[in-house]
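K.L.:
could you work out the structure for the sequence below:
(2 chains)
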There are 2 protein chains.
Amino acid sequence: MTTRIVELRKGILKKNDELAALLRQRYEDAGVLVLNLVSSPGTGKTTFLERTLRELLARGARAAALVGDLETDNDARRLAASGAPVRQINTHGICHLDAEMIAKHLEGWDALGPNSDLAVLDYLFIENVGNLVCPSSYDLGERIRVALLSVTEGEDKPLKYPTLFNSADAAIITKIDLAAACDFNRDLAVKNINEIRPGIRIFEVSAKTGAGMDAWLNFLGETRSKTK
Amino acid sequence: MTTRIVELRKGILKKNDELAALLRQRYEDAGVLVLNLVSSPGTGKTTFLERTLRELLARGARAAALVGDLETDNDARRLAASGAPVRQINTHGICHLDAEMIAKHLEGWDALGPNSDLAVLDYLFIENVGNLVCPSSYDLGERIRVALLSVTEGEDKPLKYPTLFNSADAAIITKIDLAAACDFNRDLAVKNINEIRPGIRIFEVSAKTGAGMDAWLNFLGETRSKTK
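P.N.:
Purely as a prediction, here's the structure:
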């Protein structure tokens, strides 16, 4: 039984990786920077992304988002408040997004026009299902995988969920406005992130106060310039 | 492919359910109250459980814990500070505990003596891997499934992760000392929990200040009396 499961899992991941590679090529051809945001539920992905979208739009960039949840379109509605086009993906019990769900939801999305043309965008953000484990194994073809961690969660999360942090290209520490109230040990958190993924870019932000958002937005701009 | 996966998943869950039923009988025969604690990473399961164990021991109860994590024995060490026997289960990439892991870790656990006799305990707590999705599907034979939600996570989590809340016997709102700093809407959270699982027992606690712990400990005592 175990052998069959492992083989089937490998088969699923292989199929996903193949489709993700096609998506990655499609993103590159269109010159759109695609980011996959992964964190625990409650880290503040949606609030952070809403502010990111809003500020990118204010800078004249073209940005959109796909957002995954088991149920409800709460997050799509919250993100749409930014003014950016947003499409909800409901996974109905599946604990992660996969490349097939992304490919499917890029089709017929009015944000991309009648030809589903990604070149109309500068940035596409994918907000994954809140889960620190399973999304790590599913490549969505993204250029940048972002691991988010809030100050309320505890500094040891990178050590306890190494797969995500080890596969991430950037780490965001969110809700820094609550750092004092939570006795957050910033140096320990940064040390633990670096232990799992040495040299990773780390941003410390509060989507509530706006602290740290500029550094993050500049990073996005620079990374996209290199994509083109 | 999809059909094969669904069938295999059903097979795995059926096998788990059968083993969980045996465990449930074993717990009942031993007169031990077993609880399965499930939440997102960072909700404060470990801090809450450490305080619960410590206070139970102070009341003269015999309590122990199994704790699941992908990697590290950090949580076992933190829980052991309570004075209760604790055993770590490392799942190495698996995003939930299952009945087989529990059965395996009940054997050879010095807390239970040479015959792995559960009757030496009044309470056995199982702290699951931090994940709001997958642990919901795996029965561990527990009498009480506890869903935890911190005030920092957002009031809409029960609606977005209905499977867990729908299968829970008790809900705990943690970190209430941070409620004001997070603009936590208590009434909305309670309403959302009740929408998914009408009439569920809800406890509001701070493991830091001790607020709400008495009601929780009394509930444990009453539930255990009914078990015997």
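K.L.:
so the longest helix anywhere in chain A versus helix B:2-30, what angle?
P.N.:
Longest helix in chain A, counting residues (DSSP state H): helix A:2-30. Here the directions of helix A:2-30 and helix B:2-30 differ by 130 degrees (axes from the mean of the first three to the mean of the last three Cα atoms, to 10 degrees).
K.L.:
which of the residues in helix A:2-30 are buried?
P.N.:
Along helix A:2-30, the positions that meet the burial threshold by neighbour count (16 or more other Cβ atoms under 10 Å in any protein chain shown) are A:16, A:19, A:20, A:23, A:24, A:26, A:27, A:28, A:30. To be clear about C-beta, it is placed using only N, CA and C from the backbone, and glycine gets the same treatment.
K.L.:
tell me the angle of the helix or strand where residue A:220 lies relative to helix A:2-30?
P.N.:
Here residue A:220 sits within helix A:213-227, counting by DSSP states H and E. Per the same axes, to 10 degrees, the angle that helix A:213-227 makes with helix A:2-30 is 80 degrees.
K.L.:
which helices and strands sit right next to helix A:213-227?
P.N.:
The contact analysis (3 or more Cβ pairs under 8 Å, 6 or more residues apart in numbering or on different chains; DSSP states H and E) places helix A:213-227 against strand A:33-38, helix A:45-58, strand A:201-204.
K.L.:
leaving aside the residues adjacent along the chain, what's closest to residue A:133?
P.N.:
In this structure, residue A:133 finds its nearest non-sequential neighbour in residue B:95, 3.7 Å apart by Cβ to Cβ, 6 or more residues apart in numbering or on different chains.
K.L.:
now residue A:107
P.N.:
With Cβ to Cβ, 6+ apart as the criterion, residue A:107 has its nearest non-adjacent residue at 5.4 Å, and that residue is residue A:116.
K.L.:
doesn't that neighbour fall inside a helix?
P.N.:
No. Per DSSP: H, G, I helix; E, B strand; the rest coil, residue A:116 lies outside any helix segment and is coil.
K.L.:
which parts of chain A sit against chain B?
P.N.:
Proximity of chain A to chain B (Cβ under 8 Å from any Cβ of the partner chain) is limited to residues A:1, A:4-5, A:8, A:11-12, A:15, A:40-43, A:69-72, A:74-75, A:93, A:95, A:129-134, A:150, A:152-154, A:156-157, A:159-163, A:175, A:178, A:181-182.
K.L.:
of those, select the buried ones using a ChimeraX command.
P.N.:
Buried residues among the residues of chain A next to chain B (16+ other Cβ under 10 Å), as a ChimeraX selection:
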select /A:40,41,42,43,69,70,74,75,95,129,130,131,132,133,134,150,152,153,154,156,157,159,160,161,162,163,175,178,181,182
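K.L.:
partner residues bridging the residue nearest in space to the middle of chain A?
P.N.:
The centre of chain A sits closest to residue A:37, judged by Cα atoms, centre = their mean, with a distance of 1.2 Å. Per DSSP bridges, residues listed as beta-bridge partners of residue A:37: residue A:127, residue A:146.
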